[in-house]
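*Asks:* Got a predicted structure here, sequence first:
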2 protein chains.
Amino acid sequence: MESSLYEEMDRIFHPRSVAAVGVSEKVTNQGMSFLLGHEKLGFKGPLYAIHPAKKIERFETFPSIKDVPGPVDYVKICVPAKSVPSVVSDCAEKGVRCVTVFSSGFRESGTEEGRKLEKEVVSIAREGNVRVIGPNCMGLYAPESGLSIRVDMPYIPRGRIAMVSQSGGVAISASLMASEKNVGFSKVVSYGNESDLGPPEFLHYLSRDEQTDVICLYIEGTRRPDDLKAALRDAAARKPVIVLKGGTTSTGNRAVASHTGAMTGASQVWKALAAQCGSPMAQDLDEMLDMAYLFSLSRPPKGNNICLFSVSGGFGVFATDQIISAGFNMPELDVSTQDALRPYVDAPGTSIKNPLDLAAQFFQPQNYPYIFPALDADPGVDAYIIICAMEYLTYLNEKAAEWSGFMARSLMDGLSAMKKPVYVVFYNTVLTNVKHELEKEFIARGFPVFPDMGRCLKALVRSRTREKKRSCL
Amino acid sequence: MESSLYEEMDRIFHPRSVAAVGVSEKVTNQGMSFLLGHEKLGFKGPLYAIHPAKKIERFETFPSIKDVPGPVDYVKICVPAKSVPSVVSDCAEKGVRCVTVFSSGFRESGTEEGRKLEKEVVSIAREGNVRVIGPNCMGLYAPESGLSIRVDMPYIPRGRIAMVSQSGGVAISASLMASEKNVGFSKVVSYGNESDLGPPEFLHYLSRDEQTDVICLYIEGTRRPDDLKAALRDAAARKPVIVLKGGTTSTGNRAVASHTGAMTGASQVWKALAAQCGSPMAQDLDEMLDMAYLFSLSRPPKGNNICLFSVSGGFGVFATDQIISAGFNMPELDVSTQDALRPYVDAPGTSIKNPLDLAAQFFQPQNYPYIFPALDADPGVDAYIIICAMEYLTYLNEKAAEWSGFMARSLMDGLSAMKKPVYVVFYNTVLTNVKHELEKEFIARGFPVFPDMGRCLKALVRSRTREKKRSCL
């Protein structure tokens, strides 16, 4: 059942045509970069450059939005703050649905002039039925519909993660970081000053968006706490919403003041709100993305019982300590599981308890079709963590690229037979470049990959918060 | 002033010749891999293969150690456990200084037979004046003197980190991980069952070794707690000794039992000992190496006052929260510093407080020679953290490789003017391969690089433990 807000937002995310106001020929110009970004993502409608005097090579140019012959649905405004009201007024006259105001120098500047200017923009827009994203933001990125923030936004097909970010830099870094692992975003918005549209509207839409499995929310503060609260509660009941709150300390709030000037609110209030909604909180972008990968590729463990699978005994030992210290159990494998494993894991140095230590028998992938189904069938285990490193896949560096590919793919095939979640901790040791490619393959096969045990456990513990909450809802 | 133990150990680390017992032609054979490893590292003396019946291609072969014409100082024994006593007996007769017993099937097997066999080996060795490393271990790796564990051990010149590890896998993974960042080890030993030589002897030696700045100790348990305690106390007073204790939980102890079978001792005892010695404890290999890089390339902050330097406002905000939550302060920069920075950091979006946010003015490296000395002179700051990511170095992906190289090197040049420690948090976003090369350059210039803020702060907080302790010593 779709609301009218959903429909309005869906139209904003699917404009028939796009224009930039404030464009020069340089690729580093925001307006130009924005238009080139749309071209690169294959935006299907017309792209217009607005320039009062000059013809911009490469894009159809008009002196004003009002001069464009057909409809214009979405406009990015990159002119100095004081010129923004008249551009918005033109947009209203033209019937533009939504503008992103990139320009800064509004409320976030802390000046009376900036505050007045922002109010003026909002009132013109409201009167003219134009929705405003920003000011002081980057706007929309939605690869499937060809919406871009700037020229280097990646196209990764079928992304299932959405992001709502008060900061443009965070939205861009997150999109790039994920793309480097071949993980795509469905829809991203950088919303800045939240003069009109903000998290309440975007959470409402994205939690109902069929292309989105999980939502990342980076927020520094809000002027609509009640709306936000209601929207977060509603969205988190539908999908995982991971919250990264900027400004949880008083010094962090000082940094917010010079960044977006948002009112941050007390840290405890945010924590309590997230806890009530079952929304896991992240403290860094890495942590937020780790959880987003986990929720979109796999799922958190249903219970506290972990089986660890290692090749190096030492790693198996301290990883066990880390897992236990994080609050999980590592029960000994069931007798039936041990019986099933014994024929394949019997050499000196191996162990069929928990951690399962394959030692050199790891290099017998012909046994994987027996080992992994047996592990998966263990009645006492909720999820599996595998410790991997390039030197395990390329014993003594012989034919490193081929062997590691063969071993990693054998492992993926074996793991794919398992129904319970499997998480891969892939330490970066040697052959960084080969490792990077294999990591992408694990991810493409649906296995979340973490760079160390600490990051893996943090993601599991925090994502379990949601599971636990959900079981009470 | 050097002790006789130091001299004995120094001779062990500088053998005139090396032999392997139990060698076949295959590179995956332990003995062969060991000899090839020495060849690869340029070991200067003769390398002998011992085989009772066969000539081994590539190495001078003798049927027994006793048949080698010249002296043999160091022998790796890779024959089945039950044959080890007679080989050690041959070594004693030949006057060998030290053997590494790779073979397992001794005390760690948990059998009466294994225990007896280990006792026999030790008694033969003791009588014959042969020192024993192991059994159930990998032995010595010392790139400068050409000692290797196996064929793929790296040669990184002038390594300043030493490692004493009960686990061979951990010793190898650590050496490989560091080499991937172009960081070398001075001397590494995997000592296994500690039937004779162990941490007390190696700590004594390495803490006096002029090639070593910092020692990593991976330990699961000991049978000589008093000796270990004294040696750790002595070593930690001389150099940082970072301790990773395997088996700090009861489940971890179960894993130890099937790994090295060591007696682990209560977790609290180990923590108290480390605290007394001012030895930082790590929980994972990554954390241990992070601190080793920190101590060998730079130093922990002298006080609690950190200045954060960022390019993305959002990152600046939550990184500030992380720094404060870790127990540090981020004081506003001094008025004199702000005055000195103002001419160069004045555009919209920048901030000259703390965090220092350069925003787009980051792309004006011509100002670095003014910015960094001004920062360094701030009287209220003990150390600096810089947040970096590839997309900051390659604005809009134009000529990514060249530009990022230029920007990163400008940054390194700028930072090199600073006398207080600078730590680099280099997020892995886009262009993993280029980032990997730039990271090595930062490290070569003496800047510790961390993959995320969490890892950086963990290393700083734990390394400060030592600083705080030292100030009381």
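*Replies:* The structure has been received and is ready for your questions.
*Asks:* where does the stretch 201-350 of chain A dip in pLDDT?
*Replies:* Counting by pLDDT under 70, the stretch 201-350 of chain A shows low-confidence ranges at A:258, A:260-265.
*Asks:* try the stretch 351-473 of chain A
*Replies:* For the stretch 351-473 of chain A, counting by pLDDT under 70, the residues that fall below are A:395-398, A:470-473.
*Asks:* What residues does it have near chain B?
*Replies:* When proximity is defined as Cβ under 8 Å from any Cβ of the partner chain, the stretch 351-473 of chain A approaches chain B at A:351, A:353, A:355, A:357, A:389-391, A:395-398, A:427-433, A:436, A:451-455. Every C-beta, even on glycine, is put in place using the N, C-alpha and C of the backbone.
*Asks:* Buried among those residues? Make that a ChimeraX selection.
*Replies:* To isolate the buried members of those in ChimeraX, using 16 or more other Cβ atoms under 10 Å in any protein chain shown:
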select /A:351,353,355,357,389,390,391,395,396,397,427,428,429,430,431,432,436,451,452,453,454,455
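*Asks:* Where strands are concerned, which of the residues of the stretch 351-473 of chain A next to chain B count?
*Replies:* A:357, A:389, A:427 (DSSP state E).
*Asks:* could you redo those as a markdown table and give each row distance to residue B:373?
*Replies:* Shown next, in a markdown table, are those (distance: Cβ to Cβ, whole Å):
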| residue | distance to residue B:373 |
| --- | --- |
| A:357 | 53 |
| A:389 | 42 |
| A:427 | 38 |
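*Asks:* what's the distance between the closest residue to residue A:267 other than its chain neighbours and residue A:421?
*Replies:* Leaving aside its sequence neighbours, residue A:267 sits nearest to residue A:248 (Cβ to Cβ, 6 or more residues apart in numbering or on different chains; 4.2 Å). Distance, residue A:248 to residue A:421, using Cβ to Cβ, to the nearest Å: 30 Å.
*Asks:* And for residue A:101?
*Replies:* 43 Å.
*Asks:* so how many other residues sit close to residue A:71?
*Replies:* Residues near residue A:71, counting by other Cβ atoms under 10 Å in any protein chain shown, number 14.
*Asks:* Residue A:65 versus that one, what's the distance?
*Replies:* As judged by Cβ to Cβ, residue A:71 and residue A:65 stand 11 Å apart.
*Asks:* can you map out the helices along the stretch 101-250 of chain A?
*Replies:* Under the criterion DSSP state H, counting those that start in this stretch, the stretch 101-250 of chain A contains helices at A:112-127, A:168-179, A:199-206, A:225-238, A:250-259.
*Asks:* of those helices, which approaches residue B:141 most closely?
*Replies:* Residue B:141 sits nearest to helix A:168-179 of all these, at 35.3 Å, using Cβ to Cβ.
*Asks:* Give me the distance from the closest one to the chain's centre.
*Replies:* Distance of helix A:168-179 from its chain centroid, counting by Cα atoms, centre = their mean, to the nearest Å, is 8 Å.
*Asks:* tilt between it and helix A:250-259?
*Replies:* Angle of helix A:168-179 versus helix A:250-259, following axes from the mean of the first three to the mean of the last three Cα atoms, to 10 degrees, is 100 degrees.
*Asks:* quick one: average pLDDT of helix A:168-179?
*Replies:* Helix A:168-179 carries an average pLDDT of 94.
*Asks:* Show residues contacting that helix.
*Replies:* A:137-138, A:141, A:149-150, A:152-154, A:156, A:159, A:161, A:163, A:165, A:184-185, A:188-190, A:192, A:216, A:218, A:244, A:285-286, A:288-289, A:292-293, B:311-315, B:389-391, B:427-430 (Cβ atoms under 8 Å, 6 or more residues apart in numbering or on different chains).
*Asks:* Over to stretch A:331-342?
*Replies:* Contacts of stretch A:331-342 (Cβ under 8 Å, 6+ apart): A:305, A:307, A:352-354, A:356, A:370-371, A:374-375, A:377-381, B:254.
*Asks:* of those, closest to residue A:402?
*Replies:* residue A:371 (22.9 Å).
*Asks:* measure that closest one to residue A:387 for me?
*Replies:* Residue A:371 is 15 Å from residue A:387, by Cβ to Cβ.
*Asks:* Those two: who's more crowded?
*Replies:* Each of residue A:371 and residue A:387 has its neighbours counted (other Cβ under 10 Å); residue A:371 has more, 24 against 21.
*Asks:* tell me the secondary structure for the more buried one?
*Replies:* helix (DSSP: H, G, I helix; E, B strand; the rest coil).
*Asks:* on that earlier part again, out of residue A:101 and residue A:421, name the residue with the larger neighbour count.
*Replies:* residue A:101 (30 against 20).
*Asks:* Now do the contacts for the more buried one.
*Replies:* A:77, A:84, A:88, A:121, A:132-137, A:192, A:195.
*Asks:* All set now, cheers.
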